[in-house]
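Q: Using only what follows, build the 3D model:
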Amino acid sequence: MTRRGPRYRVMFRRRREKRTDFRMRKAMIISKAPRLVIRGSLKHMNVQVAEALAIGDRILASANSKNLTSFGWRAPTGNVPAAYLTGYLLGKKAVATGVERAILDIGLAKATVGARIFAALKGAVDAGLQVPCDGSVMPSTDRTNGGHIVEYAGKLQEADPAAYERRFSQYIKDLKPEEVTKHFAQVKEKIDEAFKEGK
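A: Residues are numbered from 1 along each chain as shown. Model prediction:
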């Protein structure tokens with residue numbers, strides 16, 4: 001039922017489009033702390049540290065899951081390990097530019113325990129960025145490093161090889177799913193190498 005009448009107030013356009021919760025945004029801006037902005041699509045993750053100014057947000061550091069390819073990432077960029085590494089890369093960039101602390105901004109996304117959003121958050125925290133949060137919402141290490149993918153792939157290949165080929169067709173092109181955890185560790189090490197002092 002559509003409400004109308006003299007007291008009806010039209011919502012802001014971005015709220016109607018379900019893109020911004022202005023009440024939450026106002027609370028975060030009043031805190032005067034930089035925001036760790038995490039947004040995801042089916043294929044990618046985008047993580048930024050933003051500072052609110054009168055003229056709009058100023059981006060202090062940014063990382064997209066596409067950037068992982070420059071560190072050798074060969075698996076899909078929309079999974080939990082990629083989300084963690086994107087957050088980890090962002091955390092390293094933020095700390096390198098002098099940002100030490102931020103508050104989490106997940107927009108209108110649902111706060112589901114263990115979701116990719118919280119994998120990216122865990123990556124940023126592990127990289128040294130201080131973000132007030134409840135550790136219980138973050139995925140386990142076995143999920144962030146792709147251990148769950150390796151386990152599922154092994155079971156599926158044994159039970160139904162045809163289904164394995166279909167399900168992991170995107171992985172098999174560039175990387176066997178059984179090698180995800182090893183590959184994850186290699187890419188994380190390369191990120192660490194890129195941000196070592198003096199480099």
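Q: Helices of the chain, start to end?
A: Using DSSP state H, the helices of the chain run over 13-16, 22-30, 80-96, 116-126, 141-144, 147-159, 161-167, 169-174, 180-194.
Q: Turn the ones you listed into a markdown table, including distance to Lys66 and mean neighbour count.
A: (Each C-beta comes from the backbone N, C-alpha and C, glycine too.) Compiled in a markdown table, the helices of the chain are given as follows (distance: least, CB to CB, whole Å; neighbours: other CB atoms under 10 Å):
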| stretch | distance to Lys66 | mean neighbour count |
| --- | --- | --- |
| helix 13-16 | 25 | 11 |
| helix 22-30 | 26 | 12 |
| helix 80-96 | 9 | 26 |
| helix 116-126 | 14 | 26 |
| helix 141-144 | 19 | 17 |
| helix 147-159 | 20 | 16 |
| helix 161-167 | 23 | 12 |
| helix 169-174 | 15 | 12 |
| helix 180-194 | 13 | 17 |
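Q: Can I get the ones you listed in TSV including distance to Gly56 and mean pLDDT?
A: Formatted as TSV, the helices of the chain follow (distance: least, CB to CB, whole Å; pLDDT from 0 to 100):
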stretch	distance to Gly56	mean pLDDT
helix 13-16	13	68
helix 22-30	11	67
helix 80-96	19	97
helix 116-126	23	97
helix 141-144	33	96
helix 147-159	39	94
helix 161-167	43	92
helix 169-174	37	82
helix 180-194	30	97
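Q: Quick one: closest of the ones you listed to Met45.
A: For the helices of the chain, the distance to Met45 is smallest for helix 80-96, at 4.6 Å, taking CB to CB.
Q: who are the neighbours of that closest one, in terms of helices and strands?
A: If contacts are counted by 3 or more CB pairs under 8 Å, 6 or more residues apart in numbering; DSSP states H and E, helix 80-96 sits against strand 35-40, strand 45-53, strand 56-64, helix 116-126, helix 141-144, helix 180-194.
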